[in-house]
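>>> Curious how this folds, go ahead:
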Amino acid sequence: MSSEKIGFDLLNWQPDYTKSKEENEEKFRERYYEVYGEYPPNKEPSQ
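Residues are numbered from 1 along each chain as shown. This next block holds a predicted model:
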């Protein structure tokens, strides 16, 4: 990551319960990239 982020992570994230875990993880990664311009570290969305 380019710099340490301090504070709340206000990424709009609500899983779609009709999709698989993998599909939800991919959507989370896409939204994270749109907000921060980089992909998230390898952690679950809830962490």
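>>> C-alpha only now, for contacts and for neighbours.
Noted.
>>> shaky segments in the protein?
Residue ranges of the chain with pLDDT under 70: 1-2, 5-10, 43-47.
>>> And the helices in it, which stretches?
21-36 (DSSP state H).
>>> What separation do you get for the residue of the chain most remote from its centre and residue 24?
For the chain, the largest distance from the centre (CA atoms, centre = their mean) belongs to residue 18, which lies 18.2 Å off. According to CA to CA, to the nearest Å, residue 18 and residue 24 sit 9 Å apart.
>>> Overlap in contacts, those two.
By CA atoms under 8 Å, 6 or more residues apart in numbering, residue 18 and residue 24 have no common neighbours.
>>> ok, now how distant is residue 27 from residue 20?
Per CA to CA, residue 27 is found 11 Å from residue 20.
>>> Mind checking which of those two has more residues around it?
Ranked by neighbour count (other CA atoms under 10 Å), residue 27 and residue 20 place residue 27 first, with 16 against 10.
>>> What sits closest to residue 30 if chain neighbours are left out?
Leaving aside its chain neighbours, residue 30 sits nearest to residue 39 (7.7 Å; criterion: CA to CA, 6 or more residues apart in numbering).
>>> Now do the same contact list for that neighbour.
29, 30, 32, 33.
>>> which residues does the first one contact?
It stands for residue 29. Taking CA under 8 Å, 6+ apart, we find residue 29 in contact with 39, 40.
>>> 828 is where my numbering starts, stick with that
I'll keep to 828 as the first residue from here, and by that count the last item is residue 856.
>>> Compute the distance between it and residue 840, please.
Applying CA to CA to residue 856 and residue 840 gives a distance of 10 Å.
>>> Kindly report the same for the last one.
As judged by CA to CA, residue 860 and residue 840 stand 12 Å apart.
>>> ok, now the third one?
Counting by CA to CA, the gap from residue 859 to residue 840 is 9 Å.
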